[in-house]
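[1] What follows is a predicted structure for the sequence shown.
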Amino acid sequence: MPGVRELLAVILGALFGITLIVAPRAALQLSIFVGPNRRRRGDYGTDNHESFSDQWTWLIRGLGVACLVVSLFIAYQTYA
């Protein structure tokens, strides 16, 4: 019998995956992979948000797709 834990895993996995696909640059800015020292250049308000390479954004989108696949797999095993 499916419980709250499985339902939360499906919902949170889907939301996280969609967020990573839709806004990969925001996820990169919030991530620990970029590091705090790389964003501290220039004056306040003059940050260059285009400094992330396209490879990083596609990697984050790929992680979002992986989250969606895992979420769908959990949903299929639990509710099918």
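    Cool, got the structure. Residues are numbered from 1 along each chain as shown.
[2] Could you point out the helix or strand that follows the helix or strand of the chain with the lowest mean pLDDT?
    Here the helix or strand of the chain ranked lowest by mean pLDDT, DSSP states H and E is helix 24-30, holding a mean of 84. Using DSSP states H and E, the next helix or strand after helix 24-30 towards the C-terminus is helix 54-79.
[3] sorry, back to before: can you list the buried residues in the least confident helix or strand of the chain?
    For helix 24-30, burial by neighbour count (16 or more other C-beta atoms under 10 Å) applies to P24, A27, L28. Every residue, glycine included, has its C-beta placed from N, CA and C.
[4] Would you enumerate the residues in contact with the residue positioned nearest the centre of the chain?
    Geometric centre of the chain, nearest residue: L20, 3.0 Å, by C-alpha atoms, centre = their mean. By C-beta atoms under 8 Å, 6 or more residues apart in numbering, the contact list for L20 reads A27, I60, R61, L63, G64, C67.
[5] Swap in 10 Å and give it another go.
    Shown in contact with L20 (C-beta atoms under 10 Å, 6 or more residues apart in numbering): 26-28, 57, 59-68.
[6] Alright, that wraps it up for me.
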